[in-house]
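In: next come a sequence and a model predicted from it.
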Amino acid sequence: MQTVKMVITGPYASGKTEFIRSISEIDVVNTEANVTPGTMEAEIKSQTTVAMDFGRITVDDDLVLYLFGTPGQRRFDFMWEILAEGMLGFVVMVDSTKPETFREAKSILETFRAYAPTPYVVAANKQDMAEAWPAEDLRIALRIEDNVKLLPCVARNKETVKQVLLELLYAILEEMDT
């Protein structure tokens, strides 16, 4: 049985928990805490991941994917390096409707690239919303190289989540063959 550890990272409220929830075959193990009322974060959502989310997908008899979601807030970034240990690839989630988070997404991408030279993909989340930036515009805004997969995604949609994870899995398997 082959296991593949994938990390799902990105800025606060980019859709990491929902991404894992929509595809995990087990109830997602998460460490959420209530957001402090009256803060900027509380205007966006009521809970935040403080340590990690964990989900699992059995691809077939020989392959299981373990998904580890990181906290998005910088004050919990001490967990990032811990979660990155042993990862074979990672997904950077970007909220396509919030250009004010793009710089943070790029910074997180660079941080994870520094942890380990593993394959990664970028998921342009919330592509079902009218104000979402198209994936190609995001590529330019985030300065993502042409050889990196930047995929449209809706974190609540199992099919788009599956496409993102398959692209990452193909990149990981390709790297293992070299």
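Out: Nice, thanks for sending it over. Residues are numbered from 1 along each chain as shown.
In: contacts, neighbours, all on C-alpha from now
Out: OK.
In: next, count neighbours for I140.
Out: For I140, the count of nearby residues is 11 (other Cα atoms under 10 Å).
In: can you give me the distance of it to R21?
Out: Relative to R21, I140 is positioned 29 Å away (Cα to Cα, to the nearest Å).
In: rounded mean pLDDT for the helix or strand hosting T111, please.
Out: Using DSSP states H and E, T111 maps to helix 102-115. On average, the pLDDT along helix 102-115 is 95.
In: next, the buried residues of that helix.
Out: Buried positions in helix 102-115, judged by neighbour count with 16 or more other Cα atoms under 10 Å: 102, 104-106, 108-109, 112-113.
In: next helix or strand past it?
Out: Heading C-terminal from helix 102-115 (DSSP H and E), you reach strand 120-125.
In: what lines up beside that next one in the sheet?
Out: strand 89-95 (parallel), strand 150-152 (parallel) (DSSP bridges).
In: for R56, which of those strands is the nearest?
Out: strand 89-95 (14.7 Å; Cα to Cα).
In: C-alpha coordinates for that closest one, PDB please?
Out: The C-alpha trace of strand 89-95 is given here as PDB (Å, rounded to 0.1, in the frame of the first residue of the first chain):
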ATOM      1  CA  GLY A  89       3.300  17.600  -3.000                       C
ATOM      2  CA  PHE A  90       1.100  20.600  -2.100                       C
ATOM      3  CA  VAL A  91      -1.800  22.600  -3.300                       C
ATOM      4  CA  VAL A  92      -1.900  26.400  -2.800                       C
ATOM      5  CA  MET A  93      -5.500  27.600  -2.600                       C
ATOM      6  CA  VAL A  94      -6.300  31.100  -3.800                       C
ATOM      7  CA  ASP A  95      -9.600  32.900  -3.300                       C
END
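In: run a quick neighbour tally on D61.
Out: Neighbours of D61 (other Cα under 10 Å): 8.
In: run a quick neighbour tally on the residue lying closest to it once chain neighbours are set aside.
Out: Once flanking residues are discounted, D61 sits nearest to M1: 7.1 Å by Cα to Cα, 6 or more residues apart in numbering. Other residues lying near M1 total 7 when counted by other Cα under 10 Å.
In: return the residues in contact with M1.
Out: By Cα atoms under 8 Å, 6 or more residues apart in numbering, the contact list for M1 reads 61-64.
In: can you name the residues in contact with whichever helix in the chain runs longest?
Out: In terms of residue count, the longest helix belonging to the chain (DSSP state H) is helix 158-177. When contacts are defined by Cα under 8 Å, 6+ apart, helix 158-177 is touched by residues 19, 22-23, 88-91, 118-121, 123, 149, 151-155.
In: which of those are buried? Put it as a ChimeraX command.
Out: In ChimeraX syntax, the buried subset of those is picked out as below (16+ other Cα under 10 Å):
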select :19,22,23,88,89,90,91,118,119,120,121,123,149,151,152,153,154,155
